[in-house]
Every structure is written in C-alpha cells, then in structure tokens.
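K.L.:
Okay, here's the prediction I keep looking at, along with the sequence it came from:
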Amino acid sequence: MTAESKSVAAVFLDRDGVINYEKEYVGRIEDFDFIPGVPQALKKIQSLGFVLFIITNQAGIARGYYSEKDFDILTHHMLDRLMDFGVEVKKVYYCPHHPVHGKEEYKIDCTCRKPSPGMILKAIDEFQVDISRSVLIGDKLSDLEAGKQAGVGTKILVRSGHPISAEAENAADITLTDLSEAARRLGETVLLESKS
C-alpha cells in the first residue's frame, strides 16, 4: 500500500480517565459513567473529519476481575450510548494481558499493552490511517509513549484527576483539562489549517 492511499486521519482515545470516570477496573455496565461532555466532544471531533478509535489496556481481564464477555457487554453499551449522540467509534481495541499479574493465558508480555504501540499499529494496518495527521488523547505516560512509538502526529494529555508526572507532561505536545477542551483545540487547529 502506498503512502498516498493512507488518507484516514484518526483520533486514538484511551478509555478510562478520558471517556469515562476512572475507577478501579471498570469492566461492567454498573461501573461505567461518561465524563460530562464526552459524547458531545466526540461528536465535535468526528465532525472535524477524524475517525475515532479507542485503545484501552484491560488488566482487569488478565487479573480475573471480569471476563472478556463482560468487557464486550460494556463496550456495546458504551457504543450504543454514543450512537444516540451520532458518534461512531470505528473500532475498540483492547489488551487483556498483563506480564506480571495476568492469570493463565493472559500472563504474557505482549506487543499490544500500552506503552507498546500494537493496538495503534493494528488500526493503521486495518483502516489505512495516515498516522502523521492523527491524534492520540490519553491521561497517562503509557498512552503517550504508545503514540510516540507508533508515530502519531499529535499527542494530547488530559487531566483525569490522578497525579500527572513531569515525564508525562514532557511527552505530550499539549496538556489540557479534558476531552471537551481537546475537541475545542482540535477545532481551532483545523480552522487555522483551512485558512492557511
């Protein structure tokens, strides 16, 4: 495939702490709550021409706290609620592994668990993503490192309430309050590019 045919600009979103409130191991519907303004922010980002992907580490599966089926049920619930706002997430990629605390087949040192870039690389391959025009939005250093290794053009760190290290701030191109602010900033950037 040639570089010219890779025309999709994507936004890669971490889930916990970016889309929903981060609690300890969110794996069931009753534990899932959108951060206020998230569906509207995703609608705005989508309207700018970006394709949306979610990339999420799910060590709760590896640890046996919930199953992949539980995760699938929650994911369908989340996607259905987003569709109510006209938001289409192209695909949700998740890593069910943990190299230390995983149980049985989930205890592996994989290439999909962030900070490894495997989930992003898979999306690039499956959906012809132009990674240089794409954006990653996360709330941890591991998100940003995955984006850097994959060559994501812009890396945004959002504050989810837990302490942010200086290393994480330094790894980000910009640090913002939340996804709503990220959507506004992306809108301003697209507007400036269209006028240049």
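P.N.:
Nice, I can see it.

K.L.:
only C-alpha atoms for contact and neighbour calcs from this point on.
P.N.:
Will do.

K.L.:
which element follows the helix or strand containing E126 toward the C-terminus?
P.N.:
Using DSSP states H and E, E126 falls within helix 118-127. Next along the chain after helix 118-127, taking DSSP H and E as the criterion, comes strand 135-138.

K.L.:
Helices of this protein, residue ranges please.
P.N.:
For the chain, the helices defined by DSSP state H cover 38-47, 59-62, 68-83, 118-127, 141-150, 166-171, 179-195.

K.L.:
returning to that earlier point: and the helix holding E126, what does it pack against?
P.N.:
With contacts taken as 3 or more CA pairs under 8 Å, 6 or more residues apart in numbering; DSSP states H and E, helix 118-127 sits against strand 89-95, helix 141-150.

K.L.:
So which of these is the most surrounded?
P.N.:
Most buried of the helices and strands packed on helix 118-127 by mean neighbour count (mean count of other CA atoms under 10 Å) is helix 141-150; its value is a mean of 22.

K.L.:
So which other helices or strands are in contact with it?
P.N.:
helix 118-127, strand 135-138, strand 154-158, helix 166-171.

K.L.:
repeat that with 10 Å
P.N.:
Other helices and strands packing on helix 141-150, by 3 or more CA pairs under 10 Å, 6 or more residues apart in numbering; DSSP states H and E, are strand 10-13, strand 51-57, helix 118-127, strand 135-138, strand 154-158, helix 166-171.

K.L.:
can you give me the angle it makes with strand 51-57?
P.N.:
Interaxial angle of helix 141-150 relative to strand 51-57 (axes from the mean of the first three to the mean of the last three CA atoms, to 10 degrees): 120 degrees.

K.L.:
relative to helix 118-127, how tilted is helix 141-150?
P.N.:
40 degrees.

K.L.:
Give me the angle between helix 141-150 and strand 154-158.
P.N.:
Calculated by the same axes, to 10 degrees, helix 141-150 forms an angle of 180 degrees with strand 154-158.

K.L.:
which of the residues in the helix holding E126 are buried?
P.N.:
The neighbour-count check on helix 118-127 (16 or more other CA atoms under 10 Å) flags 118-121, 123-124, 127 as buried.

K.L.:
Relative to V8, which of those residues is nearest.
P.N.:
Proximity of these to V8 was ranked by CA to CA; the top entry is F127 with 7.4 Å.

K.L.:
Please convert the buried residues of helix 118-127 to TSV, extending it with distance to K91.
P.N.:
Listed next are those as TSV, based on distance: CA to CA, whole Å:
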residue	distance to K91
G118	14
M119	11
I120	11
L121	13
A123	8
I124	12
F127	10
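
K.L.:
Those: which two are farthest apart?
P.N.:
G118 and F127 (14.2 Å).

K.L.:
could the helices and strands packed on helix 141-150 go into TSV alongside distance to D70 and mean pLDDT?
P.N.:
Converted to TSV, those look like this (distance: least, CA to CA, whole Å; pLDDT from 0 to 100):
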stretch	distance to D70	mean pLDDT
strand 10-13	21	98
strand 51-57	15	98
helix 118-127	20	97
strand 135-138	23	98
strand 154-158	27	97
helix 166-171	31	94
